[in-house]
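1. Can you look at this prediction? I've put the sequence above it.
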Amino acid sequence: MSLAPPLTATRFPTLPRFRTGKVRDVYDLGDTLLIVATDRISAFDYVLGSGIPDKGKVLTQLSAFWFARLTGVIPNHCVSVRVGEFPDTVRPYADDLSGRSMLVRKTAPIEIECVARGYLSGSGWKEYQQSGTVCGIPLPTGLRESDRLPQPIFTPATKASTGHDINIPEAEAVRILGDAALVRRLRETTVELYKQASAHAESKGIILADTKFEFGLDGAELLLIDEALTPDSSRFWPADQYAPGGPQPSYDKQFVRDYLEAIRWNKQPPVPSLPDDVVMKTRAKYLEAFERLTGHALSVGQT
Ligand SMILES: Nc1ncnc2c1ncn2[C@@H]1O[C@H](COP(=O)(O)OP(=O)(O)O)[C@@H](O)[C@H]1O
Ligand SMILES: [Mg+2]
């Protein structure tokens, strides 16, 4: 069987566009949104010149898996991932949408990113080296990069419309949202989602180092929105290679990062494309992560 080419852009002329992200194209259907995960891949904050075939299907179906698994913690925005259940207006685009799109309830997004960290990495490690804290939370001294934290912590960040999100103390989140009870609820929910997801991932040989959630309000109801617990919103590390004291290999993007380092890309445009073997090895990693975490194969056909 030959591999379908990657879907790197969508064009649905009869549907109003809500937003075009680095990876996902979102269409506005009124009370609902249609979130389409393309096969675009980003590294070092740029979308690369090559797509990874089926990556968007992995992202969508993995989010759907976690949403279903975690409804006991909080309800989510997912209405359906089956194109057959979508409104008639999107049916003309069924071929592109199949397996990679989610119909969701439109909410008023809460204007902070809710990050949970169980390990010391990325911006958390940077702050810790300077101040011994992450988002103002004091941590034990002597931790190494990638060390496991004594317990998972809530490290909120602003939603920057351009550039990097900025980590903020919880008190700043309270100031931004003006609702201390809401922030407490976001913290408790974020940490509980992380605990349940990381326990599951760990039982499958994958460390969930940290992850970002978004929440929204539909009237008074708080919902988990956006994508959840995908490689794009999380740091997944292969547990069998875990060696704290430095950065860890990425479960999904390591071949891409190694290639970009090897060609000495200066991390400025023009963005490179990826050779076929890097594309195929990366695709295999996404599929492997999906199969390990969900226990079943990706559905690549019609749904
Ligand atoms: N149920 C929802 N209701 C309203 N907005 C949502 C919902 N789910 C996701 N979003 C928003 O859709 C946008 C998706 O953009 P995204 O693909 O994440 O772009 P970026 O690459 O800039 O992060 C985000 O701003 C997210 O907050
Ligand atoms: Mg986003």
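-> Structure received. Residues are numbered from 1 along each chain as shown. Ligands and ions are numbered 1, 2, ... in the order given.

2. which parts of the protein sit against ligand 1?
-> Taking Cβ under 6 Å from any ligand atom as the contact definition, the chain meets ligand 1 at 19, 21-24, 26, 33, 77, 104-107, 109, 214, 216, 225-226. Just so you know, the C-beta spots here come from the backbone N, C-alpha and C atoms, and that holds for glycine as well.

3. so residue 71 sits in a strand?
-> No: under DSSP: H, G, I helix; E, B strand; the rest coil, residue 71 sits outside any strand and is assigned coil.

4. who touches it in this structure?
-> Contacts for residue 71 (Cβ atoms under 8 Å, 6 or more residues apart in numbering) come out as none.

5. and residue 4, how many residues sit next to it?
-> 11 (other Cβ atoms under 10 Å).

6. any idea how far it is from ligand 1?
-> 22 Å (Cβ to the nearest ligand atom, to the nearest Å).

7. so that residue sits right up against residue 53, yeah?
-> Yes: counting by Cβ atoms under 8 Å, residue 4 does reach residue 53; the two are 6.1 Å apart.

8. circling back to that earlier point, now, which of the residues of the chain next to ligand 1 lie within strands?
-> Judged by DSSP state E, the subset of the residues of the chain next to ligand 1 located in strands is 19, 24, 26, 33, 104-105, 109, 214, 216, 225.

9. Let me have those residues in JSON lines, extended by pLDDT and neighbour count.
-> Below are those laid out as JSON lines (pLDDT from 0 to 100; neighbours: other Cβ atoms under 10 Å):
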{"residue": "19", "pLDDT": "97", "neighbour count": "11"}
{"residue": "24", "pLDDT": "98", "neighbour count": "22"}
{"residue": "26", "pLDDT": "98", "neighbour count": "17"}
{"residue": "33", "pLDDT": "98", "neighbour count": "21"}
{"residue": "104", "pLDDT": "99", "neighbour count": "24"}
{"residue": "105", "pLDDT": "98", "neighbour count": "17"}
{"residue": "109", "pLDDT": "98", "neighbour count": "14"}
{"residue": "214", "pLDDT": "98", "neighbour count": "20"}
{"residue": "216", "pLDDT": "98", "neighbour count": "19"}
{"residue": "225", "pLDDT": "98", "neighbour count": "25"}
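
10. Please produce JSON lines containing those, extended by distance to residue 85.
-> What follows is those, written out as JSON lines (distance: Cβ to Cβ, whole Å):
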{"residue": "19", "distance to residue 85": "23"}
{"residue": "24", "distance to residue 85": "20"}
{"residue": "26", "distance to residue 85": "18"}
{"residue": "33", "distance to residue 85": "15"}
{"residue": "104", "distance to residue 85": "13"}
{"residue": "105", "distance to residue 85": "14"}
{"residue": "109", "distance to residue 85": "24"}
{"residue": "214", "distance to residue 85": "23"}
{"residue": "216", "distance to residue 85": "21"}
{"residue": "225", "distance to residue 85": "19"}
